[in-house]
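> just need the structure, nothing else, for what follows:
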Amino acid sequence: MIPQLEGPYLVATSAVVAGYWLLPRSVRTPAQGVAGAALLAWLDPVALGLFLVLAIAVWYGASARTVAVGGLVAVFVAVRAAAKPELWDLLTPIGFGYMLVRLAHYALDRDKLPRHGLVQYLSWVFFFPILIIGPIYRFGAFLRDERRQRWDVEHIARGLERVLFGIFSALVLANWLVGRVLWGWAVEHCSDEGAVTVIVECVVYGLNLYLLFSGLSSIAIGAAQMMGFRVDENFRYPFLQRNLADFWQCWHRTLSLWCRDYVFFPLVSKGANPVLAVFASMTVLALWHDLSLRYFLWGLYHAIGLAVLRLFRQRIAPRLPPLRSPWSVGTARAASTALTVGFVMMSFVFTKSDTSAELLDDLAVLASAVLGYLPLSLGAP
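Here you go, the predicted model:
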């Protein structure tokens with residue numbers, strides 16, 4: 001997911017963070033933006049050119065918000081639907097999706113932002129720590145942190161700790177422990193290609209994704225913290241949440257909050273049914289990851305789960321007897337957390353496969369297992 005994590009990228013990050021505080025305050029922020037642009041130029045000059053053109057177009061066209069956002073959507077669809085998948089494979093790892101949602105945020109919120117100049121804007125566009133791996137860092141927070149930044153040994157130490165933890169999570173836990181050890185065990189003990197294999201694959205895929213993605217986010221957050229910028233947390237123990245709504249407030253939360261602020265709230269404010277707004281938000285979130293049927297179904301799956309949760313809270317939960325003892329409260333919480341984790345893990349059946357054909361095979365296996373289990377659960381001979 002990130003080029004050269006083990007070597008040049010981490011060296012470049014260390015050099016940028018170290019050199020940042022050696023520069024005069026007036027040039028620190030632009031200098032790190034130049035470093036971010038240089039990183040893109042090193043990865044691929046075409047990507048740098050595309051991002052720069054988009055950024056300048058949004059800067060001069062942000063007054064026409066609908067046109068600016070529509071243009072960004074058109075670029076996304078054009079690149080993703082192109083007959084050259086290698087173009088998408090090239091742009092995705094270096095933050096293509098992140099760049100588009102950040103620019104869309106700027107176009108939609110420009111009138112609400114403090115006064116700023118083009119240099120500040122471009123310094124944020126090419127903000128080095130998050131340019132490749134996120135999280136989504138909004139421009140207002142960037143301006144706030146730029147004003148408040150100061151040398152603080154404690155912040156440097158905490159930021160370095162986050163970076164080291166992120167490297168450990170991505171390389172040791174995700175790549176080695178889950179990607180090799182756990183996956184090797186799964187291949188050895190679950191090779192019957194039945195429902196158990198599909199479920200184990202979903203769990204391994206989900207754990208690997210979480211540990212890798214949260215680790216990369218920690219690297220970005222820690223690097224930014226060492227430079228005096230407070231990037232929002234992207235993961236807050238999502239697999240410890242007791243329902244799906246709480247899960248989505250803790251999993252890739254900067255993107256979830258983006259969908260809430262720019263899709264869900266605007267639709268609800270215009271009179272749309274909240275359930276339909278949820279479906280629209282999850283569709284946008286899913287297709288941001290990949291413009292494909294697999295991800296559309298993944299988003300639909302989660303939207304249905306959120307709609308059912310909303311119905312439960314409104315119609316069923318008020319009629320249930322209150323839980324009075326600590327034991328009953330703890331049991332209910334553990335059960336709801338386990339149900340949430342199970343629901344989320346099974347959603348990875350839609351995204352772990354590389355093709356729609358593999359997805360259909362997995363769904364057929366799961367459906368066959370469920371249909372075969374029903375007669376037993378109902379007591380049929």
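> if I look at the residue nearest the centre of the chain, how far off is residue 101?
Closest to where the C-alpha atoms of the chain average out (C-alpha atoms, centre = their mean) is residue 252, at 3.7 Å. Using C-beta to C-beta, to the nearest Å, we find residue 252 at a distance of 12 Å from residue 101. Just so you know, the C-beta spots here come from the backbone N, C-alpha and C atoms, and that holds for glycine as well.
> cool, and residue 142?
If you measure residue 142 against residue 101 using C-beta to C-beta, the figure is 15 Å.
> next one, pLDDT for the residue nearest to the centre of the chain please.
pLDDT, residue 252: 95.
> could I get the full set of helices for the stretch 1-150 of the chain?
In the stretch 1-150 of the chain, the helices defined using DSSP state H, counting those that start in this stretch lie at 8-20, 25-43, 45-61, 65-80, 85-91, 96-109, 118-125, 139-148.
> hey, which of those helices is tucked in deepest?
Of the helices of the stretch 1-150 of the chain, the one with the most neighbours on average (mean count of other C-beta atoms under 10 Å) is helix 96-109, at a mean of 21.
> distance from the chain centre to that helix, please.
Averaging C-alpha coordinates over helix 96-109 and over its chain gives two centres that are 14 Å apart (C-alpha atoms, centre = their mean, to the nearest Å).
> check which helices and strands that helix is in contact with.
Helices and strands touching helix 96-109, by 3 or more C-beta pairs under 8 Å, 6 or more residues apart in numbering; DSSP states H and E, are helix 45-61, helix 65-80, helix 118-125, helix 139-148, helix 253-259, helix 274-289.
> mean pLDDT lowest for which of the ones you listed?
Per-stretch mean pLDDT for those is lowest at helix 65-80 (a mean of 86).
> which outside residues touch that helix?
Residues outside helix 65-80 that contact it (C-beta atoms under 8 Å, 6 or more residues apart in numbering) are 54, 57-58, 61-62, 87-88, 91, 96-97, 100, 103-104, 107-108, 110, 290-291.
> any buried residues in the strand or helix carrying residue 334, and which?
Mapping residue 334 onto the secondary structure by DSSP states H and E places it in helix 326-347. Taking 16 or more other C-beta atoms under 10 Å as the basis for neighbour counts, the residues of helix 326-347 that come out buried are 337, 340-341, 343-347.
> for this structure, which spans come out with low pLDDT?
Residues of the chain that meet the criterion pLDDT under 70 lie in 1-8, 82-94, 190-193, 372-381.
> biggest helix in the chain, by residue count?
Among the segments of the chain that qualify as a helix by DSSP state H, the longest is helix 195-226.
> residues contacting stretch 340-347, please?
So stretch 340-347 is in contact with 199, 202-203, 206, 238-239, 241-244, 246-247, 251, 298, 301-302, 305, going by C-beta under 8 Å, 6+ apart.
> count of residues packed around residue 155?
Applying other C-beta atoms under 10 Å, we find 17 other residues in the vicinity of residue 155.
> which ones are touching it?
Under the contact definition (C-beta under 8 Å, 6+ apart), the residues listed for residue 155 are 225-226, 228.
> about what we covered before: quick one: the longest helix of the chain to helix 8-20, angle?
Here the directions of helix 195-226 and helix 8-20 differ by 20 degrees (axes from the mean of the first three to the mean of the last three C-alpha atoms, to 10 degrees).
> how distant is helix 195-226 from the center of its chain?
With C-alpha atoms, centre = their mean, you get 10 Å for helix 195-226.
> now for it, which elements pack on it?
Under the contact criterion of 3+ C-beta pairs under 8 Å, 6+ apart, the helices and strands touching helix 195-226 comprise helix 8-20, helix 153-167, helix 183-189, helix 326-347, helix 356-377.
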